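J.: Give me a 3D structure for the following:
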Amino acid sequence: MVNILVVDDEFDDLKKIKSVLERDGHNITAVTSGSRALEALAGPEFDVVIVDILMPSLCGYELLKILEQRKKYKTSVVFLSIMPGKEFMNSYSDVFIKKPFSTEALLSGIREALGKSKKAKVKSSAKRRESKSKASSKKRK
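T.: Down below sits the predicted model:
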């Protein structure tokens, strides 16, 4: 089961996203602010984080900058916004979905994000195996 964190201060959007993704078989944690997202991110790892860009106090972009600095999460990030364009995407975000969104656009964005997440995890585990192999080779010498 895929674990997804949804961060959006718009209750109707949060409810719609949660409903659509749960029907699609995903495990959803939904929060209404960036600060609550930080609390949720201190727990079990998420496969995808969906973040509204425009939120009061800690906006989606600021939240992702904090995550980027921590380097804890190698997870895919989906940005949501009523604002047009991908200019909000940074090196940490993988997918942009414009509000209002259709069910199909949401599910398509999640599939794209999950594909990127799996590729990142494969690369990350390959690098770990490679560095362990190099370390054990040095010990033998």
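J.: average pLDDT for stretch 103-120?
T.: The predicted model assigns stretch 103-120 a mean pLDDT of 84.
J.: now swap in stretch 61-77 and tell me
T.: 74.
J.: Next: stretch 6-23.
T.: 96.
J.: Begin at 245 from now on, thanks
T.: Right, with 245 as the first residue, what we last looked at is stretch 250-267.
J.: Please state the offset of it from the chain centre?
T.: Distance, stretch centre to chain centre, for stretch 250-267: 14 Å (Cα atoms, centre = their mean, to the nearest Å).
J.: Now that stretch: buried residues?
T.: Neighbour-count burial for stretch 250-267 flags 250-254, 257-258, 260-262, 264-265 (criterion: 16 or more other Cβ atoms under 10 Å). Backbone N, C-alpha and C define where each C-beta goes, glycine included.
J.: What are the contacting residues of that stretch?
T.: Contact partners of stretch 250-267, identified using Cβ atoms under 8 Å, 6 or more residues apart in numbering, comprise 248, 272-278, 280-281, 293-296, 299-300, 304, 307, 324, 343, 347, 350-351, 354.
J.: Great, nothing more from me.
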